[in-house]
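> Give me coordinates for this.
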Amino acid sequence: MTDETAPRPQGEPAIDPGADADAVGFADLGLRPELLATLAGLGYEEPTPIQREAIPPLIDGRDVLGQAATGTGKTAAYALPLLQHLAAGRRQPEPAGLVLVPTRELAIQVSEALYRYGKELGARVVPVYGGQPIGRQLRALDAGVDLVVATPGRALDHVRRGTLRLDQVATVVLDEADEMLDMGFAEDLEAILDETPESRQTVLFSATMPRRLDTLARRHMRDAVRLQLASQRPAAGEAPRVRQSAYVVPRASKATALGRVLDVESPTAAIVFCRTRDEVDQLTETLKGRGYRAEALHGGMTQDQRERVMGRLRGGTAELLVATDVAARGLDIDQLTHVVNYDVPSAPETYVHRIGRVGRAGREGVAITLVEPRAHRMLKTIEQVTGSPISVEKLPTVADLRARRLELTRAALRESLLEDDLEHFRAVVETLTDEFDVMEVALAAVKLAHEATGGPDDDEDIPDAPVRPDRGEPRRGPREDRPARGASGPVERLFVGLGRDAHVRPADLVGAITGEAGLRGRDIGAIEIAQRFSIVEVPAGSADDVIAALQQATIKGRRPVVRRDRA
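Alright, predicted model coming up:
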């Protein structure tokens, strides 16, 4: 499960039982037993803030307008109530729920989440998106469906074909609604909503609330409950002394990347935070295979087991603790040097709480976050809330790793030369030097020492993952690592709401900017054209002028939405 859909784990009390005395569990939200059993089986322990606030009114049938960023668990916030409302043994051919999302990647992700959560209910979930053969979708819809997850364009295509009937839909969810509007789906959304019953429940989640989205909400929602994740900036002077860094990593490479980062960092003691019990167990085994003395800690363990784990960590026989948030509550480990977020935390407050475990008593601590490409918006939200920069760094290469291991071997040998009694080994060296040069003997000894402590010898670098906003912004290539051509000083990235679908070419954008804003062609930097929008780099000092000019201009006969890119 990705960090976007995963609720946060729940189980037995943590080592400090009073720490979560007021915690709200999924059982407190009114979910049906089948869903609670599924969540328990998946190892999830407690709902995120948006889930705690959204699930009860959604179960009660209220319309909900929620503002929450990627990574906060909002998929589960609407997915669980959707499943809650499905009648037992339902076998109607038309869907009871419709979820609209901006991209096919998100459609696949949400449908997978709904399938996992609704497996015990026998929920029939069908994803509908462009790029997939329509015949497969036609067969799936014809067989009967409970919940449809769709991109607006393909959903409207099926509606017009008569293959997707929405007259029985009880709930419509607009997920990432601001992005759907930015991508030009406003008319499609209106057309789709007009096909659904007026009595439906309407749910809208968005990272931002622009005015036109508020207009859409007022037109189609009734007495909506408004939710917004409140975030408090830490008081002045409260921030710990923590070096904060992040690495953008594809999900398939995260375990390997974590091992490499830890190899280079060499923590005295570290906590690695994961979202689920299963992830804790799997990652612990992976780290042990890499030679780390890792221990798991989660709500599925007994109190005695947890205390033994903590004893090994405090006693120095373990160096890594892989844990869920709930299980790690109340822990105070003096020798802790590193905190690792295996995923971007679901709320800024969680991030602040985690990194507060290091950098105490005047010591410097290290906070490391592994970021999947589409989750970096949440990282930026955390930076804004905490007021502290998080440096996005390049993953250690194989060469970096080998150099670091050689340095550790050198340091260990130097310590032994300074502190150990080596006289017992003199006879071995003297015997060997009768046959070999003393330098060759030393090299062989260093090789054996290095191989004995060096861990696995990786031979392939992890490919760079593109840092890109969520939900379909074009991938960034090497071009973005270069300065904007001809640009002196900082640049601004502008979002232009026209892309390949409107047959826009780079020359069209350059022509519009030079013709309307008075810039020269060489002043314009990198240009990326996606399916429904484009990104253009312009000199920072000219950004306002370019935005104002393009908002009054037409490109390919259309007047585009133009704003600063939110990446």
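
> show me where the stretch 451-567 of the chain has helices.
For the stretch 451-567 of the chain, the helices defined by DSSP state H, counting those that start in this stretch occupy 506-517, 543-551.

> Among those helices, single out whichever gets nearest to L181.
Nearest to L181 among the helices of the stretch 451-567 of the chain is helix 543-551; the distance by C-beta to C-beta comes to 15.7 Å. Any C-beta I mention is one placed from the backbone N, CA and C, and that applies to glycine too.

> returning to that earlier point: which of the helices of the stretch 451-567 of the chain sits closest to D167?
D167 sits nearest to helix 543-551 of all the helices of the stretch 451-567 of the chain, at 39.3 Å, using C-beta to C-beta.

> what does that closest one rub up against?
Helix 543-551 is contacted by residues 492, 494, 496, 512-513, 516-519, 538, 559-560, 562-564 when judged by C-beta atoms under 8 Å, 6 or more residues apart in numbering.

> try 7 Å
For helix 543-551, contacts defined as C-beta atoms under 7 Å, 6 or more residues apart in numbering pick out 492, 494, 496, 512-513, 516-517, 519, 538, 560, 562-564.

> tally of neighbours for the closest residue to Q67 other than its chain neighbours?
Take Q67 and drop its neighbours on the chain: the residue closest to it by C-beta to C-beta, 6 or more residues apart in numbering is Q228, 4.4 Å away. Using other C-beta atoms under 10 Å, Q228 has 12 other residues around it.

> Show me how far the host helix or strand of D400 is from its chain's centre.
In the assignment (DSSP states H and E), D400 maps to helix 398-419. From the chain centre to the centre of helix 398-419 is a distance of 35 Å (C-alpha atoms, centre = their mean, to the nearest Å).

> now for the next helix or strand after it, which elements pack on it?
Downstream of helix 398-419, the next assigned helix or strand under DSSP H and E is helix 426-433. Applying 3 or more C-beta pairs under 7 Å, 6 or more residues apart in numbering; DSSP states H and E, one finds that helix 426-433 contacts helix 438-453.

> looking only at pLDDT, what's the mean for the helix it packs on?
For helix 438-453, mean pLDDT is 81.

> Now it: buried residues?
Of all the residues in helix 438-453, those buried under the rule 16 or more other C-beta atoms under 10 Å are V441, H450.

> got the angle between that helix and helix 398-419?
Orientation of helix 438-453 against helix 398-419 (axes from the mean of the first three to the mean of the last three C-alpha atoms, to 10 degrees) gives an angle of 110 degrees.

> Low-confidence ranges, the stretch 301-450 of the chain, go.
Applying pLDDT under 70 to the stretch 301-450 of the chain flags the ranges 303, 329-332, 359-363.

> The helix holding D400 - contacts with which helices or strands?
helix 254-265, helix 438-453.

> okay, the angle between the longest one and helix 426-433?
Going back to what we said before, that points to helix 438-453. 120 degrees.

> per the record, what domains does this structure have?
48-228, 242-392, 398-453, 478-564 (automatic domain parsing).

> ok so, going back, distance of the residue nearest to Q67 from I50?
Look at Q228 and I50: by C-beta to C-beta, to the nearest Å, they are 9 Å apart.

> follow-up on the earlier one: dump the helix holding D400 to PDB, restricted to CA.
Written as PDB, here are the backbone C-alpha positions of helix 398-419 (Å, rounded to 0.1, in the frame of the first residue of the first chain):
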ATOM      1  CA  VAL A 398      28.300   2.500  -5.500                       C
ATOM      2  CA  ALA A 399      31.600   4.400  -5.500                       C
ATOM      3  CA  ASP A 400      30.500   6.500  -2.500                       C
ATOM      4  CA  LEU A 401      29.500   3.300  -0.700                       C
ATOM      5  CA  ARG A 402      32.800   1.600  -1.300                       C
ATOM      6  CA  ALA A 403      34.800   4.700  -0.300                       C
ATOM      7  CA  ARG A 404      32.800   4.900   2.900                       C
ATOM      8  CA  ARG A 405      33.400   1.300   3.700                       C
ATOM      9  CA  LEU A 406      37.100   1.700   3.100                       C
ATOM     10  CA  GLU A 407      37.100   4.700   5.400                       C
ATOM     11  CA  LEU A 408      35.400   2.700   8.100                       C
ATOM     12  CA  THR A 409      37.900  -0.100   7.700                       C
ATOM     13  CA  ARG A 410      40.800   2.400   7.900                       C
ATOM     14  CA  ALA A 411      39.300   3.900  11.100                       C
ATOM     15  CA  ALA A 412      38.900   0.500  12.700                       C
ATOM     16  CA  LEU A 413      42.500  -0.500  11.900                       C
ATOM     17  CA  ARG A 414      43.800   2.800  13.300                       C
ATOM     18  CA  GLU A 415      41.800   2.400  16.500                       C
ATOM     19  CA  SER A 416      43.200  -1.100  16.800                       C
ATOM     20  CA  LEU A 417      46.800   0.100  16.300                       C
ATOM     21  CA  LEU A 418      46.400   2.800  18.900                       C
ATOM     22  CA  GLU A 419      44.500   0.800  21.600                       C
END
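
> Tell me how far the most centrally placed residue in the chain lies from A68.
Central residue of the chain (C-alpha atoms, centre = their mean): A375, 3.4 Å from the mean position. Separation of A375 from A68 (C-beta to C-beta): 13 Å.

> any chance you could map the strands in the stretch 51-200 of the chain?
Secondary structure of the stretch 51-200 of the chain (DSSP state E, counting those that start in this stretch): strands located at 64-67, 97-100, 125-128, 147-150, 171-175.

> still on that earlier bit, columns distance to L36 on top of the helices and strands packed on helix 398-419, output as TSV?
Formatted as TSV, the helices and strands packed on helix 398-419 follow (distance: least, C-beta to C-beta, whole Å):
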stretch	distance to L36
helix 254-265	29
helix 438-453	47
